[in-house]
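A.B. asks: Requesting a structural model of the entry that follows:
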Amino acid sequence: EPDCILIWGATGAGKSTLLKLLFRFYDVLSGRVLVDGKDVRDLTQESLRQALGLVPQDVVLFNETIKSNISYAKPEATMEQLRDAARRAQLLDFIESLPEGWETRVGERGLKLSGGEKQRVGIARVILADPAILVLDEATSALDSATEAAVQDALDEASKGRTTLMVAHRLSTVQNADEIVVLKAGQVIERGTHEDLLAAKGEYADMWARQAKRDALAVAAE
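C.D. replies: Down below sits the predicted model:
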C-alpha cells in the first residue's frame, strides 16, 4: 500500500513553497527534489505534472456544466468513466438528483455549488486523471466539520492505490498519515508517526494538545 505523508506546519512554515518546488514552479538552489528517484529537473514538465494530481483548498471551476468541469481532467473520458469518478467522489447521487443532471451549469467560479460539492468535483477530476501521486493542499480546511468529514471519505477513496502528500495546518487529517513531517520557518524540525511525535513531546505534541483543547471548546459552545 503506498504511503500517505502529511506535511504539517503553521502559516508561513514553508508548506506551499515545498509544493511549488515539487510542481517545478521554480527550482531548488541547493539539494534535489526527487520523484520516484528521479530529479524533477530531469523530467519534462508534462510528464511530471501527469504524475501529480492536486486538490487545492479552493477548487477552480469554470462557468460550464458539471460534466465539462469533471471531464477537464480527461477530455476523452467515456460517460461510464465520468460516472465512476463521480460515484467514488460521492457526487453521483447529487448530480443525478439535479433537474438537468450532468448538464447543470455550475455558475461563475462554481457559485451554484456548496463548498463541499466544489471539493468533490475537484476530487472526481483527480480520480478521473488517475495520477501516481495525489497532492492535497489544505483540501478540507475551508469546510465546516460536518462537511469536512464527508469530503474526507471521498479523499480517502481518491488516495487508494497511490502515494498521497497532504499539506495541512489543521490536524484533523493526521489519523490517515503513515508519516508526518513538521515544518517550521522552512526547516524540517520533526518527523515520524503521530504516536512517535506525541511521545517525543515536542512542537507537534504541543500543537496537538492545543488544537484538541480548542476543538473541545468549540464542541461545548455548540
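A.B. asks: can you map out the helices along the chain?
C.D. replies: If you assign secondary structure with DSSP state H, the helices in the chain sit at 15-22, 45-51, 66-71, 79-88, 92-97, 115-129, 145-159, 194-200, 203-221.
A.B. asks: what's the closest of those to Arg170?
C.D. replies: Taking CB to CB as the criterion, Arg170 comes closest to helix 203-221 out of the helices of the chain, the separation being 7.2 Å. Where C-beta positions appear, they are placed from N, C-alpha and C, glycine not excepted.
A.B. asks: quick one, which of the helices of the chain is packed in tightest?
C.D. replies: Mean neighbour counts were taken over those using mean count of other CB atoms under 10 Å, and the top value, a mean of 24, falls to helix 115-129.
A.B. asks: contacts for that one?
C.D. replies: Residues from elsewhere that reach helix 115-129 (CB atoms under 8 Å, 6 or more residues apart in numbering): 53-56, 58-59, 61, 66, 69-74, 77, 81-82, 84-86, 88-91, 94, 106, 110, 113, 134, 139-140, 142-143, 147, 150-151, 154-155, 157-158.
A.B. asks: Return the distance of Ser114 relative to Asp215.
C.D. replies: 23 Å (CB to CB, to the nearest Å).
A.B. asks: In contact with the residue positioned nearest the centre of the chain, which residues?
C.D. replies: Centroid-nearest residue in the chain: Leu136, 1.8 Å away (criterion: CA atoms, centre = their mean). Shown in contact with Leu136 (CB under 8 Å, 6+ apart): 55, 155, 159, 164-168, 173.
A.B. asks: and it, bridged to which residues?
C.D. replies: Note on Leu136: beta-bridge partners Val55, Met166, judged by DSSP bridges.
A.B. asks: tell me the pLDDT at it?
C.D. replies: Taken from the predicted model, the pLDDT recorded for Leu136 is 93.
A.B. asks: so how far is Gln211 from it?
C.D. replies: Computed with CB to CB, the distance linking Leu136 and Gln211 is 18 Å.
A.B. asks: What of Ser47?
C.D. replies: Shown here: Ser47 relative to Gln211, a distance of 38 Å by CB to CB.
A.B. asks: want to throw the contacts of Leu136 into JSON lines with pLDDT and distance to Leu183?
C.D. replies: Listed next are the contacts of Leu136 as JSON lines, based on pLDDT from 0 to 100; distance: CB to CB, whole Å:
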{"residue": "Val55", "pLDDT": "92", "distance to Leu183": "20"}
{"residue": "Leu155", "pLDDT": "89", "distance to Leu183": "21"}
{"residue": "Ser159", "pLDDT": "89", "distance to Leu183": "21"}
{"residue": "Thr164", "pLDDT": "93", "distance to Leu183": "17"}
{"residue": "Leu165", "pLDDT": "93", "distance to Leu183": "13"}
{"residue": "Met166", "pLDDT": "91", "distance to Leu183": "13"}
{"residue": "Val167", "pLDDT": "91", "distance to Leu183": "9"}
{"residue": "Ala168", "pLDDT": "84", "distance to Leu183": "11"}
{"residue": "Thr173", "pLDDT": "68", "distance to Leu183": "16"}
